[in-house]
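Student: After the sequence you'll find the predicted model.
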Amino acid sequence: MKLKLYIFLILIVFFTFLIYIENKDNKIYYVNIDSTNKGEYNNYIKTKLLENNKLEKYVNDFSSKDLRTTDLIEEIKTNKKQRQKTIQQVLIKADLITLNIGINDISYKIGKSTEQELINYTDEIFNDIEKLFKLLRVYSKENIYIIKFNNSYGEYYNNYFEYANNKLEKISKKYNIKVIEENKLNDLLKKQKMI
């Protein structure tokens, strides 16, 4: 009698586990926050997720042209609301977050400053970027990727952008945020098992 009861209990646990595995949420809630509205990376990721039936939801409501790092920090702290969703809710729900932030802060000084002034200014900006990363990690323990700064200002600024990207890499590692180049999205998608 006891043996039958044990077998019955084991079967119940086994079938419960199978049902759980079958119904497990494998879809990705994708949040993009872009300060330029020029990037095509987010549409590429969204399209790949859709093609592979892996997109649960795509949220781009908190992107805006000319968004600065300090603006985004303030939006998170005050829990900005867009289309019946708050930014904190969206960050908590997200399985994948991509950021394109900081370039507006940098571009403000390009063409108006010496290289050393730019570097000093960038150090100040990265204090804000670090505050942002710390705040993001309060609401999301999932995968966060930031787009590497792209030099569209000419060869003269190559050293400066190398400095800025190295600093971005260093701070990102501290918060387990990955820096990616826009032209290497397939690597991101493969790591996420999206394609």
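Tutor: Nice, I can see it.
Student: you'd agree Lys134 is up against Tyr175?
Tutor: Yes. Counting by C-beta atoms under 8 Å, Lys134 sits close enough to Tyr175 to count as a contact (6.7 Å). In this view, the C-beta of every residue, glycine as well, is placed from N, C-alpha and C.
Student: and the two? which has more neighbours close in?
Tutor: Residue environment comparison for Lys134 versus Tyr175 gives the larger neighbour count to Tyr175, 16 against 13, counting by other C-beta atoms under 10 Å.
Student: shaky segments in this protein?
Tutor: Residue ranges of the chain with pLDDT under 70: 1, 5-6, 8-9, 11, 14-25, 37-39, 188, 192, 194-195.
Student: Identify the residues contacting the lengthiest helix in it?
Tutor: Longest helix in the chain, counting residues (DSSP state H): helix 115-139. Where contact means C-beta atoms under 8 Å, 6 or more residues apart in numbering, the residues beyond helix 115-139 that reach it are 69-70, 72-73, 76-77, 88, 91-92, 97, 101-102, 105-106, 109-110, 113, 144, 159-160, 163-164, 167-168, 171-172, 174-177.
Student: Any buried residues in it, and which?
Tutor: Buried residues in helix 115-139, defined by neighbour count with 16 or more other C-beta atoms under 10 Å: 118, 121-122, 125-126, 128-130, 132-133, 135-136, 139.
Student: could these be laid out in CSV, adding distance to Val13?
Tutor: Formatted as CSV, these follow (distance: C-beta to C-beta, whole Å):
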residue, distance to Val13
Leu118, 62
Tyr121, 60
Thr122, 56
Ile125, 54
Phe126, 51
Asp128, 51
Ile129, 48
Glu130, 46
Leu132, 44
Phe133, 41
Leu135, 41
Leu136, 38
Tyr139, 35
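Student: any idea how far Ile101 is from Gln88?
Tutor: 17 Å (C-beta to C-beta, to the nearest Å).
Student: The two: who's more crowded?
Tutor: Using other C-beta under 10 Å as the criterion, Gln88 and Ile101 rank with Ile101 on top: 22 against 19.
Student: ok, the residue lying closest to the more buried one once chain neighbours are set aside - contacts?
Tutor: Leaving aside its chain neighbours, Ile101 sits nearest to Ser35 (4.9 Å; criterion: C-beta to C-beta, 6 or more residues apart in numbering). For Ser35, the residues meeting the contact criterion (C-beta under 8 Å, 6+ apart) are Ser63, Ser64, Lys65, Asp66, Leu67, Arg68, Leu72, Asn100, Ile101, Gly102, Ile103, Asn104.
Student: Right, I'll call it a day here.
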